[in-house]
Structures are given as C-alpha cells and as structure tokens.
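Chemist: What follows is a predicted structure for the sequence shown.
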Amino acid sequence: MNPLDIFLNRHGRLRSGWRLVIFCAVYFTALAAFFTALYAIFFLLKIPNARLAGTLGYVVQSFVLFATALVVGWGCGRLFEDLPVRALGWARHRGWLRDLLTGTLLGVLSLLLAALVATVFRGFQFSVAPSISNVAFVKTFFGSAVIFIIAAAAEEMLFRGYPLQTMMRALPFLLAVIPSSVLFAYVHLDNPNVAWGFTFVNTTLAGFWLAVAYFRTRSLWFPLGLHWAWNWAMGALLGLPVSGITSLTRAPLFRATDTGPAWLTGGAYGLEGGAACTVALIISTIFIWKTRLLRPDEELKKFTDGEVPKKATSDE
C-alpha cells in the first residue's frame, strides 16, 4: 500500500474525509476571525455588543454564515475537485423555481402533518389568535418569512452544500449523509429549551430529510423550500416555538395550547422535540424518496455522482 493512499484516492484527488476536515477548519477559522474583528471594532467605537442581539443580529449572523460557507465551499470545490461555483446547487437551472415552490408547499404540509399527529393524540389545542395590531401581524406573517428564508439558506449552504456534496462524490448516499446530518443536529443542541433525546434524533432525521431532498434534485432550492416553510408554518401560522425560539413570531395566525406529554409535542422546545415530528419527518422523507414528481438537473447530477474529471468542468 502506498502511504499516499491515506490522503489520495484513485483519481489522485485528496480523499473526501480530508476535504471535509479542511472545509470545517477553514470555515470555523474564517468565522472566528470575522466575529473577532467585528467585536474589536465594536469595542473601539464603544458600540454595545447588544446591537447584534435580537432579530437584526439573527439576520446578520445568518448572512455571514451563508456567505462564509459559500466562499469556503466554492474554494474547496475549486481547489480540490476542479468544480465551478454552480456545482454547489444554487444555480438557476431549469426548474429551479418549481423546486423552490414544491419544497415550500411540501414543507408546510409536512409541518401540518406533525401538528395533526400531535393534535389527534390530544397534544395540542389550536385557536385563532386574539386581536392584534396589523403591524405586528404583518411583521410576523411576512417579516418572519424573510428571516426564515435567510436562516434556512445559511444552514442549507453549510450542511447540504459542500460538506454533503463532497462526501457524496466518494461514498454511497446513505453513508455520505451521516456527517452533515449529525453536525446539523449537534449545532441545534445550544438552542433554548432543548429536549436532548428527541431534539438530537429529530434534528438528525431532519438533516437526512433535507439531504434526501437535495439528492433527488441535486439542487439546494428544493431543500431550501422545505426548510424555511417548515419553520415559518410552525411559528407564523401555528404559533409554536421554532427550535425553542419564539421571538421571531410574536403575532402568529393561531395560538397553540400544549396539553399533551412533552415526548409527543416537544414541550417548550416545540414540535421538533417530540414524537409527532418524528412520524411526520419519516413520512415526508419516504414520499420525497419515492415520488416521481422530482428529478435532478442533469448537469448538477454529474457533479455529485462521482469524482469529476478535470476536463469535464469549467467556469463557463
């Protein structure tokens, strides 16, 4: 065995595991450098760090996460695999808008299915929210949609972007999906009111759900639709905590009263911490895996079916 085989695959490229490690190292180093510099500027200008708290801070941080994952993912893809930026899955390919809208619809329906399961087993009672100001309702109904889209795009870029894709080029999908799904679950464990067991299991399952969505289209538009619409329906429509967070949806359309056991409804963490979510995610994942309504973009599919020969890629 050649010692270099530890690092290089049969195509002479750095192995996918090393590519993932390098992506993570560069990504987190870049984030640390950015926020260190930002807080240093705040300190020098005597600006309170609280300026990055609340909704504005949530949006800014999501944008920074997205931009960093995009740049580092493109750089790793270009350097290690000779891939153009469109290989990451954000290209406006044929059918991209259909994928986004289909994902949005299915994301809402999947969340409503989870809420229905919990309600049937007497976990929730829903009522129309009491009279609220039009401004508050608009902020929640439409403003939260924008926030959830930005946040979902950041997480899709980070977890279903380069990390998932580079593993898919080297491993069978069911193995390639494990690192990104576990990391996706891990970063959610710091959220408020975490229900440790169900939170980790369900968020790992959600990572798999979104990865299957990417696999079926090879585009990030479809999982983006699923992701943001699930969060929006949970918070802005039904008035439930979104991964433990309630500050983004203060004036929802409905109000939920949690009357069931936490293992079913998720308690203060929200649906994602309970068994009703588990059932809905499994059903939705099976549907996405089997449906004939989805098909991958052929150009993007070539980028993830295996290691791409250098002569097959360009930036044009």
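Modeler: That came through fine.

Chemist: hey, which helix or strand in this structure has the poorest pLDDT?
Modeler: helix 134-138 (a mean of 84; mean pLDDT, DSSP states H and E).

Chemist: Show residues contacting that one.
Modeler: Here helix 134-138 makes contact (Cβ atoms under 8 Å, 6 or more residues apart in numbering) with 250-251, 253. For the C-beta atoms, the positions are set from N, CA and C on the backbone; glycine is no exception.

Chemist: Does anything pack onto the helix or strand encompassing residue 39? Which helices or strands?
Modeler: Using DSSP states H and E, residue 39 falls within helix 16-44. Contacts defined by 3 or more Cβ pairs under 8 Å, 6 or more residues apart in numbering; DSSP states H and E place helix 16-44 against helix 54-81, helix 162-168.

Chemist: between those helices, which gets the lowest average pLDDT?
Modeler: For the helices and strands packed on helix 16-44, mean pLDDT drops lowest on helix 54-81, to a mean of 92.

Chemist: With only the CA atoms kept, save stretch 24-34 in PDB.
Modeler: Output of stretch 24-34 as PDB, limited to C-alpha atoms (Å, rounded to 0.1, in the frame of the first residue of the first chain):
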ATOM      1  CA  CYS A  24     -14.600  22.700   8.500                       C
ATOM      2  CA  ALA A  25     -11.300  24.100   9.700                       C
ATOM      3  CA  VAL A  26     -11.200  26.900   7.200                       C
ATOM      4  CA  TYR A  27     -14.900  27.700   7.700                       C
ATOM      5  CA  PHE A  28     -14.700  28.000  11.500                       C
ATOM      6  CA  THR A  29     -11.400  29.900  11.400                       C
ATOM      7  CA  ALA A  30     -12.900  32.400   9.000                       C
ATOM      8  CA  LEU A  31     -16.000  32.800  11.200                       C
ATOM      9  CA  ALA A  32     -13.800  33.300  14.300                       C
ATOM     10  CA  ALA A  33     -11.600  35.900  12.600                       C
ATOM     11  CA  PHE A  34     -14.700  37.800  11.300                       C
END
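
Chemist: ok, residues contacting that stretch?
Modeler: The contact list for stretch 24-34 (Cβ under 8 Å, 6+ apart) reads 64-65, 68-69, 71-72, 75-76, 158, 163.

Chemist: what sits against the closest residue to residue 118 other than its chain neighbours?
Modeler: For residue 118, ignoring the flanking residues on the chain, the nearest one in space by Cβ to Cβ, 6 or more residues apart in numbering is residue 276 at 3.8 Å. For residue 276, the contacting residues are 114-115, 117-118, 121, 123, 264-266, by Cβ under 8 Å, 6+ apart.

Chemist: Among these, which pair sits farthest apart?
Modeler: The distance between the two most remote of the contacts of residue 276 (Cβ to Cβ) is 13.0 Å, for 121 and 266.

Chemist: out of these two, which sits in the more crowded spot?
Modeler: More crowded of residue 121 and residue 266, by other Cβ atoms under 10 Å: residue 266, with 29 against 14.

Chemist: Flag the shaky bits of the chain, pLDDT-wise.
Modeler: Low-confidence segments of the chain (pLDDT under 70): 1, 49-53, 131-132, 308-316.
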